[in-house]
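*Asks:* sequence and computational prediction follow.
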Amino acid sequence: MPVKDRSYLYENLRNKHREFVYDSYTINYRGDDLFIEYLFTMAGGIEFRPSLHFPASAFFRAEDITESMLRNLVFHIGMIELISYWKTACPPKIIIKPHKLSEEQAEWWKNLYYKGMGEFFFMNNIAVGYDDFVNIYNHENSSERTLLSHMNFSDGLIIPVGGGKDSVVTLELLKDHKPVVIPMVVNHRRATRQTIECAGFDLSNVLVINRKLDQTMLDLNDKGYLNGHTPFSALLAFISLLACAGTKTWYVALSNESSASEATIPGTDINHQYSKSYEFEKSFRDYVMKFICPEIEYFSFLRPLNELQIAGLFARYQKYHKVFKSCNVGSKSDIWCCNCSKCLFVFIILAPFLEPGKLFDIFGENLFDKLDLKKYFDELTGISEYKPFECVGTIEEVNIALCLAVKKFYNEQEKPALIKYYIESEKCIHYFNRRIDLLSSVSSKHFVPERFIRRVLDNLPIEHGWR
């Protein structure tokens, strides 16, 4: 795990840039398309102007949202968008101008920033306490509070799609929901388009939001300012609320699984992808209920399941096997790089359910033959001290997947290098003959509405003994 000590730079930049201001947002229409621009400023005359574009369609009309609700939704998207720009210097004070936050709201946002930036702090070797890293203040001229809104919604369903195996499973199990299912994408790429088309949706019926980062932030990164992970899934959550309001759709079905709640930041109980965790989901639902719109139902459809179960479900859907992509390294080129921990994890978790030749067809090579991936292999299996900071399964899930793959596909034949290495490890000895409860257990920590939970449970493949 390539941790770089930027603690001195952190202190230096905080002293140089003492304040970060959420100055304003603007809402404009070009035709029926909605355009949103934010203005964030930082001490030293630095301005950031990120933007979002919501194209109008037959099913999305921002002009039908009441003005007070639209302003509230746009403001809240800005509250999470700002953290991508704050992180460049981590000023100790954030000042909010467009609306006035209550003490409860300010504390909620501080908690999200702190836990959502856990990976950022760790990877930059920044030791920071909750009380000291930032304080949030209303500007002295802020007077307009955010107002709770109520709306009449239809019984539709929005499904955010990222192009990986998890959103594929959600699409497949929910795509026949009536009266409407609307796939939602932030910044289209080939994998998301092909995934949605494989599910049978016309691209004209997809809500595509275009998010544009501000160039000043990218320039500061090039100049050596701080950089790192921010809680994108929290941004997606707030964007999905505006999507609900513009489509009159009250359900948002995410694809985060139970494994996403495992603590991964060393020395804490925080997952590096905090905004994918059950804790965030619960907190977000409570916040929406109190301060935005209580009719919106935000939940993660796959939360009852673990990564191994999801992989088994995904293995059924062969039409997606050549189009789905989960590799962050290769995301811009829409490829599997086959040299990172995420590629190796997906290869491992699918290994019990797909024959080696079919895995080869997906990735273009046999990752179990690559001894140069041993470092990532050790991290994923728990042989190393730290797990990779990627959206990967738990150490137990990885080990059970490997043991199942060995028993099913690699028991009698000549074994590839990483499988030979694993068989001789203490991890394999520990897990090989264990009772595999992961294949039959379903987590009770979820918010899946009763009307949808049977779609999860009834589709667990009985051929693998999941009942």
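*Replies:* In hand now; what should we look at?
*Asks:* now do the domain split for the chain, please.
*Replies:* Structurally, the chain divides into domains by automatic domain parsing as follows: 7-300, 326-441.
*Asks:* what sits against Val3?
*Replies:* By CB atoms under 8 Å, 6 or more residues apart in numbering, the contact list for Val3 reads 122-125. Every residue, glycine included, has its C-beta placed from N, CA and C.
*Asks:* sorry, wrong one. I was asking about Gly200.
*Replies:* The neighbours of Gly200, taking CB under 8 Å, 6+ apart as the test, are Lys175.
*Asks:* ramachandran coordinates for it?
*Replies:* The phi/psi pair for Gly200 (degrees, to the nearest 10) reads phi 100, psi 10.
*Asks:* do the same with the one 4 residues further on
*Replies:* When quoted as degrees, to the nearest 10, the phi and psi of Ser204 stand at phi -70, psi -10.
*Asks:* report pLDDT for it.
*Replies:* In this model, Ser204 is scored at 91, pLDDT.
*Asks:* what's around the spatially closest residue to it that is not a sequence neighbour, how many residues?
*Replies:* Nearest residue to Ser204 in three dimensions, chain neighbours excluded: Ser57, at 7.4 Å (CB to CB, 6 or more residues apart in numbering). Neighbour count for Ser57, taken as other CB atoms under 10 Å: 17.
*Asks:* low-confidence stretches in the stretch 1-150 of the chain?
*Replies:* Along the stretch 1-150 of the chain, segments meeting pLDDT under 70 span 1-2.
*Asks:* repeat the analysis, applying 80 as the threshold.
*Replies:* Along the stretch 1-150 of the chain, the parts satisfying pLDDT under 80 run over 1-3, 143.
*Asks:* same question, the stretch 351-467 of the chain
*Replies:* Judged by pLDDT under 80, the stretch 351-467 of the chain has its weakly predicted residues at 386-391, 411-413, 434-437, 439-440, 460-467.
*Asks:* what about the strands in it?
*Replies:* Remark: no strands are assigned in the stretch 351-467 of the chain by DSSP state E, counting those that start in this stretch.
*Asks:* coming back round to it: got a markdown table for the domains of the chain, with distance to Ile310 too?
*Replies:* As requested, the domains of the chain are exported to a markdown table (distance: least, CB to CB, whole Å):
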| stretch | distance to Ile310 |
| --- | --- |
| domain 7-300 | 6 |
| domain 326-441 | 8 |
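*Asks:* excluding covalently adjacent residues, which one is nearest to Tyr251?
*Replies:* Counting by CB to CB, 6+ apart, Tyr251 lies nearest to Leu157, which is 4.5 Å off, once chain neighbours are set aside.
*Asks:* didn't Phe284 look like it was pressed against Phe299?
*Replies:* No - contact between Phe284 and Phe299 fails when scored by CB atoms under 8 Å: they sit 10.2 Å apart.
*Asks:* so what pairs up with the residue nearest to Tyr251 in the strands?
*Replies:* Counting by DSSP bridges, Leu157 is bridged to Val181, Tyr251.
*Asks:* what of Arg145?
*Replies:* Applying DSSP bridges, one finds that Arg145 bridges with Lys100.
*Asks:* picking up where we left off before, so who does the residue nearest to Ser204 touch?
*Replies:* By CB under 8 Å, 6+ apart, the contact set of Ser57 is 204-205, 207.
*Asks:* redo the contacts of Val3 as a markdown table? Include neighbour count and distance to Asn459.
*Replies:* Below are the contacts of Val3 laid out as a markdown table (neighbours: other CB atoms under 10 Å; distance: CB to CB, whole Å):
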| residue | neighbour count | distance to Asn459 |
| --- | --- | --- |
| Phe122 | 23 | 37 |
| Met123 | 19 | 38 |
| Asn124 | 21 | 42 |
| Asn125 | 13 | 44 |
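*Asks:* quick one: Gly382 and Asn399 touch, right?
*Replies:* Yes - counting by CB under 8 Å, Gly382 touches Asn399, with 7.2 Å between them.
*Asks:* who has more neighbours out of the two?
*Replies:* Taking neighbours as other CB under 10 Å, Gly382 and Asn399 compare with Asn399 leading, 25 against 19.
*Asks:* my read is that that one contacts Ile383, right?
*Replies:* No - contact criterion CB under 8 Å: Asn399 and Ile383 do not qualify, at 9.9 Å.
*Asks:* so what's in contact with the two at the same time?
*Replies:* Common contacts of Asn399 and Ile383 (CB under 8 Å, 6+ apart): Lys427.
*Asks:* about what we covered before: and the contacts of Ser57, which of them are buried?
*Replies:* Taking 16 or more other CB atoms under 10 Å as the criterion, what is buried in the contacts of Ser57 is Leu207.
*Asks:* relative to Asp33, which of the contacts of Ser57 is nearest.
*Replies:* Distances from Asp33 to those, taken as CB to CB, are shortest for Leu207 (12.3 Å).
*Asks:* list the contacts of the closest one.
*Replies:* Leu207 neighbours (CB under 8 Å, 6+ apart): 54, 57, 59-60, 158, 182-185, 243, 247.
*Asks:* report the beta-bridge partner residues of it.
*Replies:* Under the criterion DSSP bridges, Leu207 forms beta bridges with Met184.
*Asks:* need the pLDDT of it.
*Replies:* With respect to pLDDT, Leu207 scores 96.
*Asks:* Phe299 belongs to a helix, doesn't it?
*Replies:* No - per DSSP: H, G, I helix; E, B strand; the rest coil, Phe299 lies outside any helix segment and is strand.
*Asks:* please report phi then psi for the residue sitting furthest away from the middle of the chain.
*Replies:* Going by CA atoms, centre = their mean, the residue of the chain most distant from its centre is Glu412, 39.1 Å out. The phi/psi pair for Glu412 (degrees, to the nearest 10) reads phi -100, psi -30.
*Asks:* fine by me, thanks again.
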